[in-house]
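**Q** Provide a 3D model corresponding to the input given below.
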Amino acid sequence: MRIIIKNNKKEMETVYNLIEHTNNNIIHDLFAIDTEKEKYFELLRKIEMKCKEVQARKSKKRERDVNEYRNNIHYPKLNIKKITLHYFISCLLQDKVYKEPYWIQTTSDGYRLVLLWKNGGFYFDTDVISTKKIPEENFLASVSSDSVANGVLGFQKHHSFIMDCMTDFVLHYNAGIWGNQGPTLITRMIKKSCPLPHYKKVQDFRCDARNLTFMHPSHFYPIHWTAWEKYFEVWKEIPTFEDSYGLHLYNYMNHKAKKMVVAGSNTLAENLFIKYCPSTYAFLIKKVKD
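**A** Predicted coordinates for the structure are as follows:
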C-alpha cells in the first residue's frame, strides 16, 4: 500500500512539474507574441508617417510645377521636330478622335499622310475622276492663289514634307474646326517654306525648299468648290478640261443635296463617267435595268 502511495506521489510531482513547465512556456510565448506585435505596429506607424511625408512633398512639388507651367517659367513650348509613324497612328486611334464632329474627315486626313509616308505615290479622294497621267511625283494641288488642298496629293516615299505635316497634325491638333487637320494644315505647312504662287495663267510653280511643285487649280479643280453643282447640270457643250489631270466633284458639298449621276440625264457628271469611268458607268446602267 505504501509503495503504491509513494509511486502515485512521484507521478503527481512529475505531472505538476510538467504543468508548471508548460505554463512557463505559454507565458514566455505570449510575452514574445505581444513584443512582436508591438514591434509590428511600431513599424506600421513609422511607414505611415513616412508615406504622409512623401505625399506632402509630392503635393507641394506638383503644385509648384503647375504654377511654373502656367507662368511658363521652366516649361518652354514643345519643340518636337519628328514623330514616329507608330506614335502618329496611336494618336489617330484615340477614343477622343472618334467623338469629334468631323472625325471621318480627320481620320481620313491623317491616314492619307500615313499611306504617303509609308508607301509614296498618289492620293486621290474617292470623288476625283482621273482623266490623264500626272507628270509630277511630288506635288500639291492648288485650289486658288490662297490655298492648296489635300484631296489630291503626290509624294515619294518618306518625303520630309509629309513627316512635317504629320508632326504638325499632332502638335496643333484641333479637329473641332473643319479642315484644320487637312487642307488648312497643308496650306499652313507649305507657307513656312514657300509663298503660295499667284496664278495669272495656267502655270505650275516650283517650291525647291521642299522639292515639290504647286500645280495650277485647273489641273484638279477647274470648277471651283462654290460652283460644285455645275457637275450635275446639263451643258450645251461638254468642256474638254484639256489642262486637267483629274476632276474633283466635291462630294462633301453634296452631302445634303445628294445629287446623283443619273443614267440618261446628260449632265456633265454623267458624260464624265461615260468617258473616264466606263466600268463604273456600266455598273450604274446595269443597276438601273435591274
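**Q** what residue ranges in the stretch 101-250 of the chain score low on pLDDT?
**A** Along the stretch 101-250 of the chain, no part satisfies pLDDT under 70.
**Q** any idea how far Q181 is from the residue nearest the centre of the chain?
**A** Centroid-nearest residue in the chain: L92, 2.0 Å away (criterion: CA atoms, centre = their mean). Distance, L92 to Q181, using CB to CB, to the nearest Å: 10 Å. Quick note: C-beta positions are derived from backbone N, CA and C, even for glycine.
**Q** name the residues contacting each of these two.
**A** G110 (CB atoms under 8 Å, 6 or more residues apart in numbering).
**Q** find the nearest non-adjacent residue to the residue nearest to the centre of the chain, please.
**A** G110 (4.6 Å; CB to CB, 6 or more residues apart in numbering).
**Q** run through the neighbouring helices and strands of the strand or helix carrying the one you found.
**A** Assigned by DSSP states H and E, G110 falls within helix 103-119. Secondary-structure packing of helix 103-119 (3 or more CB pairs under 8 Å, 6 or more residues apart in numbering; DSSP states H and E): helix 85-92, strand 121-124, strand 148-155, helix 160-171.
**Q** now it: buried residues?
**A** Q105, T106, T107, D109, G110, R112, L113, L116, W117 (16 or more other CB atoms under 10 Å).
**Q** likewise stretch 218-234?
**A** Buried positions in stretch 218-234, judged by neighbour count with 16+ other CB under 10 Å: S218, H219, F220, Y221, P222, I223, W228, Y231, F232.
**Q** what angle do the helix holding G110 and helix 85-92 make?
**A** Calculated by axes from the mean of the first three to the mean of the last three CA atoms, to 10 degrees, helix 103-119 forms an angle of 170 degrees with helix 85-92.
**Q** need the contact partners of helix 103-119.
**A** 85, 88-89, 91-92, 97-98, 100, 121, 123, 150, 153, 155, 157-159, 162-163, 165-166, 169, 175, 178-179, 181-182, 185, 252.
**Q** can you pull the contacts of the residue lying closest to F273 once chain neighbours are set aside?
**A** Nearest in space to F273, with sequence neighbours left out and distances taken as CB to CB, 6+ apart, is Y281 at 4.3 Å. By CB under 8 Å, 6+ apart, the contact set of Y281 is V261, A263, E270, F273, I274.
**Q** and the gap between L272 and G154?
**A** For L272 relative to G154 (CB to CB), the value is 21 Å.
**Q** swap in A227?
**A** Computed as CB to CB, the A227 to G154 distance reads 25 Å.
**Q** quick check: the farthest pair among the buried residues of stretch 218-234?
**A** H219 and F232 (21.8 Å; CB to CB).
**Q** as JSON lines, the buried residues of helix 103-119 with distance to E48 would be great.
**A** Shown next, in JSON lines, are the buried residues of helix 103-119 (distance: CB to CB, whole Å):
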{"residue": "Q105", "distance to E48": "54"}
{"residue": "T106", "distance to E48": "49"}
{"residue": "T107", "distance to E48": "49"}
{"residue": "D109", "distance to E48": "53"}
{"residue": "G110", "distance to E48": "49"}
{"residue": "R112", "distance to E48": "56"}
{"residue": "L113", "distance to E48": "53"}
{"residue": "L116", "distance to E48": "58"}
{"residue": "W117", "distance to E48": "53"}
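**Q** so which of the residues you listed comes closest to E137?
**A** L116 (11.4 Å).
**Q** isn't Y250 right next to D127, touching?
**A** Yes. Here Y250 reaches D127: they are 6.7 Å apart, a contact under CB atoms under 8 Å.
**Q** between those two, which has more neighbouring residues?
**A** Y250 (21 against 16; other CB atoms under 10 Å).
**Q** next, give phi and psi for the residue nearest to the more buried one when sequence neighbours are not counted.
**A** With sequence-adjacent residues excluded and distances taken as CB to CB, 6+ apart, Y250 is closest to W228, at 3.9 Å. Backbone geometry at W228, expressed as degrees, to the nearest 10, gives phi -60, psi -30.
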